[in-house]
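In: Kindly generate the corresponding structure for this input.
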Amino acid sequence: MPLARRRSVPRALPLVLAAALAACGSDPPRMDGSPRPHTSIVAAGDVASCWWRADEATARLLDRISGVVVPLGDNVYSSGTAAQFAQCYGPTWGRHRARTRPVIGNHDHRTQRGAPYYAYFGAAAGTPGKGWYSYDLDGWHVVVLNTETEMGAGSEQMTWLREDLRAHPSQCTLAAMHRPRFSSGKHGESERVKPLFTALYEAGVDVVLSGHDHTYERFKPQDPEGRSQPERGIRQFVVGTGGAPFYDFPEEAHPNSEVRQNRVHGVLRLVFYPAGYDWEFVGVNDSFEDRGSARCH
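Out: Presented below is the predicted three-dimensional model:
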């Protein structure tokens with residue numbers, strides 16, 4: 001069956017990443033009171049399909065929010081084909097492709113182990129077939145991981161991750177990966193990604209972003225075993241609110257879950273400072289809010 005054709009959406013003018021960081025948009029309150037603009041990232045996973053329209057609403061949020069766009073995997077449904085990227089992702093979040101640093105998800109990986117995903121995003125997605133990479137952003141180090149391939153001890157990805165973190169001893173570090181280590185949602189906790197989370201924890205990483213569960217959830221800083229670690233734990237966000245239909249929460253939430261919701265689509269905006277960050281969930285309506293600030297380790 002051919003894909004349903006979306007209504008025409010004007011494509012944004014090409015932007016290099018540096019220009020995107022200065023794109024117009026209102027900055028959230030600054031943690032240190034400084035008047036200078038700070039770098040931000042805007043993230044959500046589980047985004048686009050030709051069969052729903054919530055991704056169009058979250059794409060309109062991107063139109064007015066500055067920063068690097070980080071789709072957290074399952075960027076297009078249902079199989080990550082070239083046609084789905086062109087016809088379903090392209091008219092919405094795709095108009096911000098020039099300022100995007102993507103994460104691969106299980107639906108993106110379904111077709112030829114992600115070949116259309118790598119072709120669509122190009123060099124911004126890392127080495128084709130691998131999907132892990134890193135970059136520096138206004139004093140922060142950002143690591144992007146691939147939870148759809150081997151990630152255990154001795155794997156190529158684990159070896160790369162440990163070497164990359166050792167070579168970039170930044171005060172503030174963020175990691176993005178599709179499957180969450182912790183979640184109160186339908187998919188629940190992932191033991192598969194525990195080795196990656198452990199390596200991140202041992203290196204003092206501050207924040208992990210993920211999707212996979214179609215919910216929004218923020219956790220207290222914790223260690224790889226799920227124990228609260230206020231001083232050196234990783235604060236994890238699940239942001240599967242990019243457009244896909246929501247999942248239900250079970251009655252019992254994870255003990256370190258601080259905030260969760262499954263009724264408002266939206267994006268997470270993180271604003272970087274030399275020694276900390278602000279977070280804000282920006283929804284397609286005003287019926288849910290979550291914002292705060294924290295310092296890096």
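In: Count the residues that sit near S79.
Out: The number of residues packed near S79 is 14, by other CB atoms under 10 Å. C-betas here are computed from N, CA, C, even on glycine.
In: show me what contacts the nearest residue to it once chain neighbours are set aside?
Out: In space, S79 comes closest to R110 once its chain neighbours are excluded; the distance is 4.4 Å by CB to CB, 6 or more residues apart in numbering. The neighbours of R110, taking CB atoms under 8 Å, 6 or more residues apart in numbering as the test, are S78, S79, G80.
In: between the residues you listed, which is closest to E289?
Out: Nearest to E289 out of the contacts of R110 is S78 (CB to CB; 31.5 Å).
In: any idea how far Q229 is from the closest residue to that closest one other than its chain neighbours?
Out: Nearest residue to S78 in three dimensions, chain neighbours excluded: H107, at 6.1 Å (CB to CB, 6+ apart). According to CB to CB, to the nearest Å, H107 and Q229 sit 32 Å apart.
In: Which one of those two is surrounded by more residues?
Out: Taking other CB under 10 Å, H107 and Q229 do not tie; H107 has more neighbours (25 against 17).
In: Hmm, V76 and the more buried one touching each other?
Out: Yes. In this structure H107 lies within contact range of V76 using CB atoms under 8 Å: 7.2 Å.
In: All the helices of the chain, in order from the start?
Out: Taking DSSP state H as the test, the helices found in the chain are 17-21, 54-64, 82-84, 115-121, 156-167, 194-202.
In: Can you find the helix or strand in the chain with the smallest mean pLDDT?
Out: helix 17-21 (a mean of 38; mean pLDDT, DSSP states H and E).
In: Dead centre of the protein: give me the residue that sits there.
Out: The centroid of the chain falls nearest to L72 when counting by CA atoms, centre = their mean (3.6 Å).
In: and it, what does it touch?
Out: L72 touches 43-46, 103, 105, 176-178, 209-211, 239-240, 242, counting by CB under 8 Å, 6+ apart.
In: Need the max-distance pair from the residues you listed.
Out: Spanning the widest gap among the contacts of L72 are M177 and G242, at 15.3 Å by CB to CB.
In: Any buried residues in stretch 262-274, and which?
Out: Using 16 or more other CB atoms under 10 Å as the test for burial, stretch 262-274 gives N262, V264, H265, G266, V267, L268, R269, L270, V271, F272, Y273.
In: If we only consider those, which is nearest to S170?
Out: Using CB to CB, the buried residues of stretch 262-274 come closest to S170 at F272, 10.7 Å.
In: Report the beta-bridge partner residues of the closest one.
Out: On the basis of DSSP bridges, F272 is bridged to Y277.
In: Please look at it and G139 and confirm they touch.
Out: Yes. The criterion here is CB under 8 Å, and F272 meets it with G139 at 7.0 Å.
In: Spell out which residues are contacts of both of these two.
Out: C172.
In: Please work out how many residues are found near E231.
Out: Other residues lying near E231 total 6 when counted by other CB under 10 Å.
In: In contact with it, which residues?
Out: P221, H297.
In: which stretches of the chain have low pLDDT?
Out: Scanning the chain with the threshold set as pLDDT under 70 gives 1-37.
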